[in-house]
Structure formats: structure tokens, C-alpha cells
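Visitor: got a predicted model here, sequence first, then my questions.
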Amino acid sequence: MARALKDLGVAYRTVPCDPSLADTASFCEAYGFDPADCANCMVIASRRPAGSLIPALVLATTRLDVNGRCCELMGVRRASFASAAQTTELSGMEIGGVTPFGLPDDLLPVHVDDQVLSRSQVVVGGGDRSLKLVVDPAVFAGLSLFRVVRGLAA
């Protein structure tokens, strides 16, 4: 993970965490972060027709528009969150630790809700449930592996 971030030129700081506290609400309560500064990276899978995938990054205080905006972006009629097992299989990471900086090339680009850019800092998964990364959200607008999308979440 550190090598990928270095190769991308991303400045970051790490926050080690107890894996049992990796889910956003627990993490924020235990480590004193504002939930509005946390962003969750998740994989969305099409259902009708099956086979399309997109990773999405949205603020923890918002709700991803799965069957509206995500379906529109994928060109499908129905979609849902990938299961925990499917997310791990596709990304190599467990839910609660999925990072937008370490996804396999076939899952790129990461679709980033434009509201993420409004924060002064953003906390994202660090690749496993024992680590979080704090980054400047401007990185999501400045790197080609991200696609900023207006209205991805409400």
C-alpha cells in the first residue's frame, strides 16, 4: 500500500486501528474523527444484466445512489453493493479496510462523489481493517485513477 501511494505521489498519514473498530461509526467514536471527514470505498455490482462493476467512494454521512446514478454510470437496470465475499475476491481487501488507492486495474477508475472534495481532509481505508489513511481530498481530482462524479451520493 505504501509503495502504491508513493508511486502516485500521494501525501498521507496513517491511523492504526483495532480491526474490530474499523467500521466507520466505531472508528470515529474510538479515535475522535468526524464522520463527515470519512469516506467509504465500496464495490457496486450490476444485477440486470450481471457482470458490470464500479468502485465508488462517498462520504460516510451520505448515501450512495446505487439504483439511480450507479446504474446510469454502468448502463444497467439494477445494481447492488457487492457482498463482503465478492468485495474481498475482487479487491483483495475486507470491507472496512478497502482503500481507493490499492484496487486492481480492472476495477478502475474509482468513481468519487463530488462532495468528497469539499472536506479539508478525508479518512479512507488503508488496505486492511487495521489501518486508515488520512489524505487531502484534492488527490481524487488530480489522479487519473479517479473519476469525480456529481450526484453519486445524496
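Guide: Perfect, I can see it now.
Visitor: now do the contacts for Arg3.
Guide: Shown in contact with Arg3 (C-beta atoms under 8 Å, 6 or more residues apart in numbering): no residues. The C-beta positions use only the backbone N, C-alpha and C, and glycine is treated the same way.
Visitor: what residues does the host helix or strand of Leu73 touch?
Guide: Following DSSP states H and E, one finds Leu73 within helix 71-74. Helix 71-74 has contacts (C-beta under 8 Å, 6+ apart) with Ile44, Ser46, Ser52, Leu53, Ile54, Arg77, Arg78, Ala79, His111, Val149.
Visitor: now render those residues as a markdown table, adding distance to Asp65, secondary structure and neighbour count.
Guide: Listed next are these as a markdown table, based on distance: C-beta to C-beta, whole Å; DSSP: H, G, I helix; E, B strand; the rest coil; neighbours: other C-beta atoms under 10 Å:
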| residue | distance to Asp65 | secondary structure | neighbour count |
| --- | --- | --- | --- |
| Ile44 | 10 | strand | 23 |
| Ser46 | 14 | strand | 19 |
| Ser52 | 16 | strand | 16 |
| Leu53 | 16 | strand | 16 |
| Ile54 | 12 | strand | 24 |
| Arg77 | 14 | coil | 11 |
| Arg78 | 13 | strand | 14 |
| Ala79 | 10 | strand | 23 |
| His111 | 11 | strand | 22 |
| Val149 | 10 | strand | 22 |
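Visitor: give me the nearest residue to Val15, chain neighbours excluded.
Guide: Excluding the flanking residues, the one nearest Val15 by C-beta to C-beta, 6 or more residues apart in numbering is Lys132, at 4.3 Å.
Visitor: neighbouring strands of the helix or strand harbouring the one you found in the sheet, and parallel or not?
Guide: For Lys132, the enclosing helix or strand under DSSP H and E is strand 131-135. According to DSSP bridges, strand 131-135 has the following sheet partners: strand 12-16 (antiparallel), strand 122-125 (antiparallel).
Visitor: nearest to Ala25, of these?
Guide: Of all the strands paired with strand 131-135, it is strand 122-125 that lies closest to Ala25, at 12.6 Å by C-beta to C-beta.
Visitor: now the closest one, how far from the centre of its chain.
Guide: 8 Å (C-alpha atoms, centre = their mean, to the nearest Å).
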